[in-house]
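1. the following block contains a protein sequence and its predicted model.
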Protein chains: 2
Amino acid sequence: MKIEIINTGTELMLGFVLNTHQQWLCRQLSDNGYQVERQIAINDSGPAIQDAVREAMQRAELIIVTGGLGPTSDDLTRQFIAELLGVSLKEDAGVLERIEGFFAKRNRPAPPGTEVQALIPEGATVLMNEHGTAPGLVLCFARGVILMLPGPPRELHPMFLNQALPLIKQRFPLREKIVSLTLKSTGMGESVVEAHIRKPLSGLVERGLTIGYCARVGEVDIRLSAEGEASHTIVAEAEKIVRELIGKYIFGTGDDSLESVIVTHLVTQNKTLALAESCTGGFIANRITNVPGASSVFLGSAVTYSNEAKQILLNVPATVLSEHGAVSNETAQQMAEGARFRFKSDYAISVTGIAGQTGVMPEKPVGTVYIALADATGTTVLKQLNQYDRETFKFVTSQQALEMLRRRLI
Amino acid sequence: MKIEIINTGTELMLGFVLNTHQQWLCRQLSDNGYQVERQIAINDSGPAIQDAVREAMQRAELIIVTGGLGPTSDDLTRQFIAELLGVSLKEDAGVLERIEGFFAKRNRPAPPGTEVQALIPEGATVLMNEHGTAPGLVLCFARGVILMLPGPPRELHPMFLNQALPLIKQRFPLREKIVSLTLKSTGMGESVVEAHIRKPLSGLVERGLTIGYCARVGEVDIRLSAEGEASHTIVAEAEKIVRELIGKYIFGTGDDSLESVIVTHLVTQNKTLALAESCTGGFIANRITNVPGASSVFLGSAVTYSNEAKQILLNVPATVLSEHGAVSNETAQQMAEGARFRFKSDYAISVTGIAGQTGVMPEKPVGTVYIALADATGTTVLKQLNQYDRETFKFVTSQQALEMLRRRLI
């Protein structure tokens, strides 16, 4: 069974918006055992849409088309595809009523063009839109199905999960049960991870295990999957082997983030955290405060870019700064201990380093960073060399700092 | 002249990574007067890559292929395309030397497989990679050019801008001169911006002006473009009209960000900035410290999540917190003034609000936020209601806070 995704929209081709549908739909489908063969983005003109759909119909059994179902003049996907399939459009009284109800409920007049969205191609199945007006549409062709979904993510996501995915599962049942597990690691590069686990997993690969890697700087996902009767056993055995070999680098599974794992540990252990950030400039605090519920364990961060701020907010002695410099083992230690003292936290992490050209010295090249972790037992300092562009530097440094804390918490 | 983009990578089709290349490349091309006809993503298998390239060669004159040029076993784009075009691969001594030098400079051994990247298809032009090892490649076919670029954005971006784009401009000169200008605005929704400027610009639209909008929450780009002899005049007249009508909402042009504009103003005026962040959790500090050179004007941020931290780090009186609450006009004012005092800055911005369910009260619903700006002349407080998910809340709030400062600086 082949699946293709077609994303329509001139704004995509001008680079005005980021296409997030591709990743989202591919991920939902792969989590359910389906793999997308091809994704295409095109502008919303008739020839572009009809060519793309016509070609996809020669290759695929399931074609998912996004966008162009709304009420404005450039929303013509519905018409173009009906024309291509040679079916006519008819106003559906039930759909029209629903759309009018949508505006009535919000005390807003229906904007002009609204009724276009009630035009349904002959033979199409309608998917109700619970967060907007344009319904989704399911159309059959000789050897498969065309699924048309509205463009806005808040409309597309629930419609896909609640209505389209069950239809897909019913129409295209998987021959084999697929089990997959993603282990999330940090602190090892992709090739090092692979070197550790490839051979030990080779027996399971022969029995049907598939291993996938997804590497970003500072993070490697290991995806273990298998099909068929023995899939649960195979994936469980693979997980056991991976954890035995590189378990201490694995911080979570699935959609876990390092910051969410840390907040969970802190909540469970009833401990608090404070930060003292220089070169990361608030990035670590921002990550932690993205986790719902962080406020019960996270007290704050002193983002101290200037030397004076390090003295005033964190009690770093002027002599430490003048003798060792702002980017030093000693300053990192003082910052972490100062943060722990000022915020009265159980744990404090500090980072001080050189993200850009300012402050570079022969013995302290760009990318030099000191990370300190203070708790009741004392303070540990880690030196790293993270030679990346500014934003990657911040991310990698934050990973190292958070991982240092996670190791302390487990 | 038709352009197609082919993004290769099984991780794309599994939904493991977001494809940012499409938007980035489309935007660079459209800013230079070229429009992409089609973008395709496929997995990194031989049939998938060769089918996609073969089909694109029947439609397009310029084909941009990303990914699969690295050293690992699934990096086979180079080989598959050479095979498709019927050309052989030869090790290039100069490229190999450069790659070995890359690792020597970093005191790291070259990992196994590295030398594959020095295999160059017959007749190809090499694009040097200044941020990695895999070179880019330019290959000619009967009616056009295939451009192969490495996958990592920090390698692809400079290679495209510095080497590929000049080649494209030379090989495919535009018949008509295209002039385009993007004005960046904040504080007005897309439909409000459009309502203000559409009619006044209609005369210029008749003379050839094209208006494009790109809206994100908290920011609307207005793209003005025209082709041909009069294009400069038309775009300049359009800019004048837009600035007269909604000039105070426009913070920059092109790739300006609100934070970069503010850093420039502060540097020019020789003024310093400090922050006091509660609900934004370090997000504003992170934005500012992403701007190179920010360290000369940005002193730091007190990220005070807990009430106690607001007292200790920012001298917010306990009575203000107990009488008015942490999310209040009074606390915002005290935080801004406290930050200005502690950091000894010229300007200080504070934000305190309710990003999640914690702290919600009947008179203070989720999304309530107070933003204060303090300087030598006094303190101004702004109340906003930003009802979005957590990360959008942070972004919108940071836009409002930064815009408040920008208006003070101009």
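-> Yep, it's here.

2. CA atoms for contacts and neighbours, from now on please.
-> Noted.

3. which residue packs closest to the residue in the stretch 101-250 of chain A that chain B sits nearest to, ignoring adjacent ones?
-> Distances between the stretch 101-250 of chain A and chain B by CA to the nearest CA are smallest at residue A:214, namely 6.6 Å. Ranked by CA to CA, 6 or more residues apart in numbering or on different chains and with sequence neighbours excluded, the top spatial neighbour of residue A:214 is residue A:221, at 5.0 Å.

4. repeat for residue A:210
-> Nearest one to residue A:210, counting by CA to CA, 6+ apart, is residue A:225 at 5.1 Å.

5. that neighbour bridge partners, please.
-> Beta-bridge partners recorded for residue A:225 (DSSP bridges): residue A:180, residue A:210.

6. number of residues surrounding it?
-> Residue crowding around residue A:225 was assessed by other CA atoms under 10 Å in any protein chain shown; the count is 23.

7. how about residue A:6?
-> A count of nearby residues for residue A:6, using other CA under 10 Å, gives 24.

8. pLDDT value on residue A:74, please?
-> Residue A:74 is assigned a predicted lDDT (pLDDT) of 74.

9. what of residue A:18?
-> Residue A:18 is assigned 88 on the pLDDT scale.

10. cool, residue A:298 as well?
-> The model's pLDDT for residue A:298 equals 97.

11. once you drop chain neighbours, what's closest to it?
-> residue A:273 (5.0 Å).

12. mind listing the residues bridging to the one you found?
-> Residues in beta-bridge contact with residue A:273 (DSSP bridges): residue A:298, residue A:347.

13. so how far is chain B from the residue nearest to the spatial centre of chain A?
-> Centroid check for chain A by CA atoms, centre = their mean gives residue A:255 as the closest residue, at 7.7 Å. Separation of residue A:255 from chain B (CA to the nearest CA, to the nearest Å) stands at 11 Å.

14. tell me which element that residue is part of?
-> Assigned by DSSP states H and E, residue A:255 falls within no helix or strand.

15. on that earlier part again, A strand includes the residue of the stretch 101-250 of chain A closest to chain B, no?
-> Yes. Counting by DSSP: H, G, I helix; E, B strand; the rest coil, residue A:214 is located in a strand.

16. hmm, it is touching residue A:193, no?
-> No. Using CA atoms under 8 Å, residue A:214 makes no contact with residue A:193, being 11.1 Å away.

17. low-scoring stretches of chain A, by residue?
-> Applying pLDDT under 70 to chain A picks out residues A:73, A:359.

18. could you tell me which residues of the stretch 151-300 of chain A lie near chain B?
-> Contact residues (CA under 8 Å from any CA of the partner chain) of the stretch 151-300 of chain A with chain B: A:214, A:280-286, A:289-290, A:292-293, A:295, A:298-300.

19. are any of these buried, and which?
-> Among those, the ones that count as buried by 16 or more other CA atoms under 10 Å in any protein chain shown are A:214, A:280-286, A:289-290, A:293, A:295, A:298-300.

20. among those residues, which lie within strands?
-> A:214, A:298, A:299, A:300 (DSSP state E).

21. how about those residues in TSV, adding distance to residue A:167?
-> Below are those laid out as TSV (distance: CA to CA, whole Å):
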residue	distance to residue A:167
A:214	30
A:298	44
A:299	47
A:300	47
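
22. quick revisit: of all the residues of the stretch 151-300 of chain A next to chain B, which two lie farthest apart?
-> Using CA to CA, the pair of those lying farthest apart is A:214 and A:299, separated by 33.3 Å.

23. contacting residues for residue A:348?
-> A:273, A:274, A:275, A:276, A:336, A:337, A:339, A:340, A:373, A:374, A:375 (CA atoms under 8 Å, 6 or more residues apart in numbering or on different chains).

24. would you mind writing the CA trace of stretch A:271-284 as PDB?
-> The C-alpha coordinates for stretch A:271-284 follow below in PDB (Å, rounded to 0.1, in the frame of the first residue of the first chain):
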ATOM      1  CA  LYS A 271      13.400  19.100  45.100                       C
ATOM      2  CA  THR A 272      13.800  22.600  43.700                       C
ATOM      3  CA  LEU A 273      16.100  24.000  41.000                       C
ATOM      4  CA  ALA A 274      17.600  27.400  40.300                       C
ATOM      5  CA  LEU A 275      19.900  28.400  37.400                       C
ATOM      6  CA  ALA A 276      22.700  30.900  36.800                       C
ATOM      7  CA  GLU A 277      23.100  31.400  33.100                       C
ATOM      8  CA  SER A 278      25.700  33.500  31.300                       C
ATOM      9  CA  CYS A 279      26.400  32.300  27.700                       C
ATOM     10  CA  THR A 280      23.100  30.400  27.400                       C
ATOM     11  CA  GLY A 281      21.300  33.700  28.000                       C
ATOM     12  CA  GLY A 282      18.000  32.300  29.500                       C
ATOM     13  CA  PHE A 283      17.700  29.400  27.100                       C
ATOM     14  CA  ILE A 284      17.800  26.700  29.800                       C
END
